[in-house]
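> have a look at this fold, sequence not included:
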DNA sequence: AATATATGCGTTTTT
DNA sequence: CGCATATATT
């Protein structure tokens, strides 16, 4: 089989020095941008305000370092958060220098982390072909752990523990590094125990989750100085995009790598830090000068995107935040329109007015592609979708279910994973009974038990199990057929083209047929998606290479070919720009949202404000903020107060329209109070007595799931034994791990070693 | 294994 | 209110 990792990391000494003259890289840059490009040595922080040409600087800097011969491509490490940004950087630099990008260390934190990890996997107790888990896998694994530990998954859902573990990983903490106090505090100490167990299981599965891709690197750096030193020497120049979004683990990782050459350049904007809830630390960017002594700070403040009114409104708004480094954005553009603020009676009214304005703009000759509706939260899109559909306005929803997150795609990928790597238990579990093969929880439990006892994979356990009479004949046949199929497909990877193998897998497994028989309206679409998936496979060298890609590249670049209005969250809009931006729902409780208001402390509110700032600064020419006086939420009407963010924009940059008689800013008579009461009542009435659910069954499960040492005794013919299903019997023959036993009641059966006890 | 019923939840999600 | 998930039922 082709090894996709074999060639990945060798330096390519042939790559370019023959580059165009250096001035190409500096052409057309303003003074600050040029400074940021030319300050190659030592730590540099580039504070790049919204729309100040950050990407240009980043690519120009990379090109500059290469074309002046300061470093070879593999001596530069350039990290981003999104694949899109990484791709863009690679393509632009490649085009400036007119060269190929093979072997470059330009990629997302996760992709680069995975690459380093593959190079050193054995040192961390992993094999190089470790798999990268997706969210479904993580959840399945955690649920198993909860069951084994006899924890009520209802009171403490798997998601919650995964979130806690994720946050620990964001902070660069292995289970051993979490302080005792903090460990004891999180879920009564259960979370930390689960974290340790989870990591154990991952190692056994030869798998990593996303957090591990960096966390393991940190462990590696700590435990293997030589390895760290090697990377430190290799990377003469480090480039970091969106530095305000880095978490502690990423910060530690970067700091470790920069220790040799100290040439680290971080680009970011503290005012656009909107991912703290994902572990991002604004503190990283605020502390840069202390973390990297002698750092040069360059501010990019010349904005080429928005008109003065929009820029001033956004600047005035963000000035209300306390913890920021501070920038003064200005623009050479002509004055333009003020920011519009529009009041509406209710949510429907608001959607109508926004859509009317879109209609008007279109009639005036504006492309729908130049307009976007940016909402705070997903549920707000519904009203707009309804309205847009009603009036027949074409629109594009960004951020729904992504291609690789669709059920059929994940199922298919799970098949591919098991075919490439039979030991991938989580993938195997996913496909075991998809399509239905009559293999339910009972069969799975048998497999699990055997695998766990003998410390081997499910496929290996299944192979052993089908040689016996342990399973019901029907189940036995089904498992037998599946593992035979898997083995055959695995073998075909050597003889057939991998897209062909993929096609065979999907056909012969019955998976395609399953959807063909499905009567639901989206079945046809799913079949289309499967075709597309097989098509996409052809673009990779091997199936394993493809799987590496899909686990790291979850983005889904929609072809923006047709003219449509874009509808998405403000978060999703970061980094984008539109001529006209609609910002609906600027009400207290929605934007800023309720949780941020309740959280107190002010940090959450400041992040909401940054989010509002991001929203406003997406607009080139027109920003239309709106709010509704009342809104239907969960079936009941709620009055709302106008968002503080509206009033925080300077008056002289805003034009406020509201229908005559619209009352806003009303004290909380029906408003906030009503909401609180509603929730309070609901919560109270739902606090019924806990139901004590079937203790015997739970105990029984836990008993059986718990790992037990493999029986170390040997069996000899003639010996009297006990089998949990077939009862007492006498051993007739021993063949490796299978025994033939004449049972007193059940007759002669072939059974597996580990299910038999000496009587 | 498929279907009915109960229950709980409701912010953002770059990989 | 409406959706997704978990559990009960046949």
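Nice, thanks for sending it over. Since we're looking at a predicted model, the values are computed, not measured. Residues are numbered from 1 along each chain as shown, chains lettered A, B, ... in the order given.
> how about the contacts made by residue A:512?
A:506, A:527, A:530 (Cβ atoms under 8 Å, 6 or more residues apart in numbering). In this view, the C-beta of every residue, glycine as well, is placed from N, C-alpha and C.
> what comes up buried for the helix or strand hosting the first one?
Read it as residue A:506. Taking DSSP states H and E as the criterion, residue A:506 maps to helix A:498-508. By 16 or more other Cβ atoms under 10 Å, the buried positions in helix A:498-508 come out as A:498, A:499, A:501, A:502, A:503, A:504, A:505, A:506.
> same check, this time on stretch A:181-197
Applying 16+ other Cβ under 10 Å to stretch A:181-197 flags A:183, A:186, A:187, A:190, A:191, A:192, A:193, A:194, A:195, A:197 as buried.
> just the helices in the stretch 401-550 of chain A please.
Secondary structure of the stretch 401-550 of chain A (DSSP state H, counting those that start in this stretch): helices located at A:407-420, A:425-431, A:441-454, A:458-465, A:473-495, A:498-508, A:511-517, A:523-537, A:543-552.
> phi, psi for residue A:624 please.
Note on residue A:624: its backbone torsions stand at phi -120, psi 100 [degrees, to the nearest 10].
> now it. Nearest residue, chain neighbours left out?
Excluding its sequence neighbours, the residue lying closest to residue A:624 (Cβ to Cβ, 6 or more residues apart in numbering) is residue A:340, at 4.5 Å.
> following the helix or strand harbouring residue A:95 in sequence, what is the next regular element?
Using DSSP H and E, residue A:95 falls within helix A:83-97. The element immediately downstream of helix A:83-97 (helix or strand, assigned by DSSP H and E) is strand A:105-108.
> got phi/psi on residue A:627?
phi -150, psi 160.
> which residue ranges of the stretch 301-450 of chain A form strands?
A:339-346, A:371-375, A:395-397 (DSSP state E, counting those that start in this stretch).
> just these: most buried one?
Using mean count of other Cβ atoms under 10 Å, the stretch among the strands of the stretch 301-450 of chain A with the greatest mean number of neighbours is strand A:371-375 (a mean of 26).
> state the mean pLDDT of that one.
If you average the pLDDT over strand A:371-375, you get 96.
> again with stretch A:273-293
On average, stretch A:273-293 scores 93.
> residues making contact with it?
The contact list for stretch A:273-293 (Cβ under 8 Å, 6+ apart) reads A:43, A:45, A:166-167, A:170-171, A:243-249, A:251, A:255, A:258, A:262, A:264, A:266, A:268, A:270, A:295, A:297, A:323, A:325, A:570-571, A:574, A:603, A:607, A:610-611, A:614.
> try 7 Å this time
With contact meaning Cβ atoms under 7 Å, 6 or more residues apart in numbering, stretch A:273-293 is reached by A:43, A:45, A:167, A:170, A:243-248, A:251, A:255, A:264, A:266, A:268, A:270, A:295, A:297, A:323, A:325, A:571, A:574, A:607, A:610-611, A:614.
> now do that stretch: distance to the chain's middle.
20 Å (Cα atoms, centre = their mean, to the nearest Å).
> and what of stretch A:487-503?
Using Cα atoms, centre = their mean, the offset of stretch A:487-503 from its chain centre is 30 Å.
> quick one on the thing from earlier: next, format the buried residues of helix A:498-508 as JSON lines and append pLDDT and distance to residue A:34.
As requested, the buried residues of helix A:498-508 are exported to JSON lines (pLDDT from 0 to 100; distance: Cβ to Cβ, whole Å):
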{"residue": "A:498", "pLDDT": "94", "distance to residue A:34": "47"}
{"residue": "A:499", "pLDDT": "94", "distance to residue A:34": "47"}
{"residue": "A:501", "pLDDT": "95", "distance to residue A:34": "52"}
{"residue": "A:502", "pLDDT": "95", "distance to residue A:34": "49"}
{"residue": "A:503", "pLDDT": "94", "distance to residue A:34": "53"}
{"residue": "A:504", "pLDDT": "94", "distance to residue A:34": "56"}
{"residue": "A:505", "pLDDT": "95", "distance to residue A:34": "54"}
{"residue": "A:506", "pLDDT": "94", "distance to residue A:34": "54"}
